[in-house]
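Student: turn this into a model:
(chains A and B)
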Amino acid sequence: MNQPLFRTLIYSLLAVGVVLTLTPLVWMVFASFMPTGQASVFPPRFLSGAVTMEQYGALFSRIELGRYFLNSLIVSVSVTLISLLLNSMAGYAFAKLSFPGREGLFRVLLTGLVIPAQVSMLPLFLLLKHMGLVNTYWGVIIPGMASIFGIFLIRQYALTIPNSLLDAARIDGAGEFRIYWSIVLPLCRPILVTLAIFTFMGTWNDFMWPLIILTDGSMYTLPVALANLLGEHVQDTELMMAGAVVTVMPVMLLFLFLQKYYIEGITVGGVKE
Amino acid sequence: MNARETRSQTTPHTRTFRKTQRAAYAFLSPSMSAILIFFVGPVVAALGLSFTDFDIYALGNPEYLRFVGLENYLRLVENPRFWKALGNTLYFVVVGGPLSLAVSLGAALLINSRLLRLRGLFRSVFFLPVVTTLVAVAVVWRYLYHPSDGLLNIALGWIGIAPIDWLGDPDWAMPAIILMAVWKNFGYNMIILVAGLQSIPETLYEAARIDGAGRWQQFVHVTLPMLAPTFLFVAIITMIGYFQLFAEPYVMTQGGPSDATLSIVLFMYEEGFRWWNIGYAAAISFILFLIILVVTILQLRFSNRSRT
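Tutor: Coordinates of the predicted model:
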């Protein structure tokens, strides 16, 4: 096949892919700005005559979506900050502080990656119930406080810090925490940003655990609230689409602005052996 | 350096060594305790629970808890819903997994093409569904799949295909969920595969061209073998993820129609958190774990053999 023809073929396939990928998202956004009932008229229209904010108005006044948004935000920010601190401390220790059994412990930790989280959920629920943390923010935050994947990611990155730098600081009399805080953390900034985005998005999008641990409507995170809303408002296509937009938009914007870090993180975790 | 020496002569070097060792334990203890208490402990406890009849009565008063040995597992084997859930999950993994991998590979090859401009733009677009909230897009797709008003059936109507009751027909519900899952996930593997493709040294292609290899031969003899390790990694994480199918059926079909989309995890959720048959549900979760473990090991074995 000659070059121009091959190029045309590639672009056509990609164009089809782009249309298929974006259509659901574009339809979601357009439908969310339509008056009730307009999204299901035939033939389908992407732009109805009237653009309205009434669905968003209803969501925030009648359904108190703001409350769920706030819950999601509190939980996601907390998990991100706590796990970033705990994972970076552990990742640094695994990379740069020698102690007996280090490699063995790290290997054991990595095997934990094959255990699906669902296996821990029933006893974890009983444990947190015993601690009085069912239906609290802490109940959602606690399982996310440390992650094996996060520790792995930071360790891989921290391995590249030259030992001479750390030794020089030790000779200058800097304490170990000081070294971690003022030398290691700044050097690990790129991977920390990556991990922060990962964690924030993962917590924001998480569904099963919040569904289990949050039993009262006022504590729901956005995905749980949205799934619940579907039960009552399944006929209100436009309203549900507005709810989906509110849920998806923060993570989508975060990705669009910080995608460089996000995509690097995936390939660091993926291609290295 | 043996123990006695360390004790007798505390040189500055051994002192720093001990200091860093203490620091290491201090740095590790918060995350290790969290993982131990809130992950490893519960996993071990789940195994223990699966040998008990922990139910709603035991939830109120632990004295009602009885050790029942393998009874939960035996009851599961006799429960047709368990086999249905297992079959559905395998359907999702065996059909959805390879389909998703194929789409990811196709997209990665297109994106990696030397002839392409605006590579970053295409990559971002294909990646967009990955970052979206699963529950939210499952809600969106529920409407796209609507038998009469849904965009999908309307589009199929343009090319003369009669409307399909995607989520209402037991034969179509699982394919519908697979289609949505592939749409949502393929971008993730695509990114990893693109990175794998870019790490293949250009010199290999040059050598192949000098030997007179065409585009297709270069693909078969250079690209595919060099990409194999990355592809294996991607295949394993995809499979592990697909075994954990939950939110899509929960939101789109509630496991229906007539259990056609009931997955193992959904079955576990219902038994454990809706009916509070916690011992029974723990047994389900452990079977899921074992299946994932065995399939992962088989995939690794298989790939080791094919490499040698």
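Student: which parts of the one helix or strand A:Arg107 maps to are buried?
Tutor: According to DSSP states H and E, A:Arg107 maps onto helix A:102-111. Applying a neighbour-count criterion of 16 or more other C-beta atoms under 10 Å in any protein chain shown, one finds A:Arg102, A:Phe106, A:Leu109 buried in helix A:102-111. Heads up, the C-betas are built off the backbone N, CA and C, glycines and all.
Student: contact partners of it?
Tutor: Applying C-beta atoms under 8 Å, 6 or more residues apart in numbering or on different chains, the contact partners of helix A:102-111 are A:Phe94, A:Ile148, A:Ile151, A:Phe152, A:Arg155, B:Ala24, B:Ile35.
Student: try it again at 10 Å.
Tutor: With contacts defined as C-beta atoms under 10 Å, 6 or more residues apart in numbering or on different chains, helix A:102-111 is touched by A:90, A:93-95, A:99, A:101, A:148-149, A:151-152, A:155, B:21, B:24, B:28, B:31-32, B:35, B:40, B:293.
Student: moving C-terminal of the helix or strand hosting A:Ile10, what's the next helix or strand?
Tutor: Using DSSP H and E, A:Ile10 falls within helix A:3-32. Scanning forward in sequence from helix A:3-32 by DSSP H and E, the next helix or strand is helix A:54-61.
Student: just the angle for that following helix relative to helix A:3-32, thanks.
Tutor: Here helix A:54-61 runs at an angle of 60 degrees relative to helix A:3-32 (axes from the mean of the first three to the mean of the last three C-alpha atoms, to 10 degrees).
Student: quick check: mean pLDDT of whatever helix or strand comes next after helix A:54-61?
Tutor: Sequence-wise, the next helix or strand downstream of helix A:54-61 (DSSP H and E) is helix A:65-96. The average pLDDT within helix A:65-96 is 96.
Student: quick check, helix A:65-96 touching chain B?
Tutor: Yes: judged by C-beta under 10 Å from any C-beta of the partner chain, helix A:65-96 and chain B are in contact via A:72, A:82-83, A:85-94, A:96.
Student: and for stretch A:168-175?
Tutor: Yes: contact of stretch A:168-175 with chain B (C-beta under 10 Å from any C-beta) involves A:Arg170, A:Ile171, A:Gly175.
Student: also stretch A:145-153?
Tutor: Yes: residues of stretch A:145-153 contacting chain B under C-beta under 10 Å from any C-beta: A:Met145, A:Ala146, A:Ser147, A:Ile148, A:Gly150, A:Ile151.
Student: CA atoms only for that stretch, dumped as CSV, please.
Tutor: The C-alpha trace of stretch A:145-153 is given here as CSV (Å, rounded to 0.1, in the frame of the first residue of the first chain):
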residue,chain,number,x,y,z
MET,A,145,-4.8,5.6,53.7
ALA,A,146,-1.9,3.6,52.4
SER,A,147,-1.6,1.8,49.1
ILE,A,148,0.8,-0.9,47.9
PHE,A,149,0.7,0.5,44.4
GLY,A,150,1.5,4.0,45.7
ILE,A,151,4.5,2.8,47.8
PHE,A,152,5.8,0.9,44.7
LEU,A,153,5.5,3.9,42.5
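Student: so which bits of that stretch are buried?
Tutor: In stretch A:145-153, counting by 16+ other C-beta under 10 Å, buried: A:Met145, A:Ala146, A:Ser147, A:Ile148, A:Phe149, A:Gly150, A:Ile151, A:Phe152, A:Leu153.
Student: residues contacting the third one?
Tutor: Neighbour list for A:Ser147: A:79, A:83, A:86-87, A:90, A:113, A:153, A:195, A:198-199, A:202, B:31, B:34-35, B:39 [criterion: C-beta under 10 Å, 6+ apart].
Student: ok, now how distant is it from A:Leu113?
Tutor: 10 Å (C-beta to C-beta, to the nearest Å).
Student: in what helix or strand does residue 190 lie?
Tutor: This is for chain A. helix A:189-205.
Student: that's the other chain; I wanted chain B
Tutor: helix B:170-198.
Student: next, the angle from that helix to helix A:3-32.
Tutor: Interaxial angle of helix B:170-198 relative to helix A:3-32 (the same axes, to 10 degrees): 130 degrees.
Student: follow-up on the earlier one: how far does the following helix or strand past the helix holding A:Arg107 sit from its chain's centre?
Tutor: Later in the chain than helix A:102-111, the nearest helix or strand by DSSP H and E is helix A:118-130. Here the centre of helix A:118-130 is set off from its chain's centre by 22 Å, with C-alpha atoms, centre = their mean, to the nearest Å.
Student: which of the residues in the next helix or strand after helix A:118-130 are buried?
Tutor: Downstream of helix A:118-130, the next assigned helix or strand under DSSP H and E is helix A:137-141. In terms of neighbour count (16+ other C-beta under 10 Å), helix A:137-141 has its buried residues at A:Tyr137, A:Gly139, A:Val140, A:Ile141.
Student: ok, B:Leu59 to chain A distance?
Tutor: To chain A, B:Leu59 is 8 Å away according to C-beta to the nearest C-beta, to the nearest Å.
Student: tell me the pLDDT of that residue.
Tutor: Reading off the model, B:Leu59 has pLDDT 84.
Student: neighbours of it, how many?
Tutor: 15 (other C-beta atoms under 10 Å in any protein chain shown).
Student: what of B:Leu70?
Tutor: Counted with other C-beta under 10 Å, the neighbours of B:Leu70 add up to 12.
Student: thinking A:Asp206 is in contact with B:Leu134, fair?
Tutor: Yes: contact criterion C-beta atoms under 10 Å: A:Asp206 and B:Leu134 qualify, at 9.0 Å.
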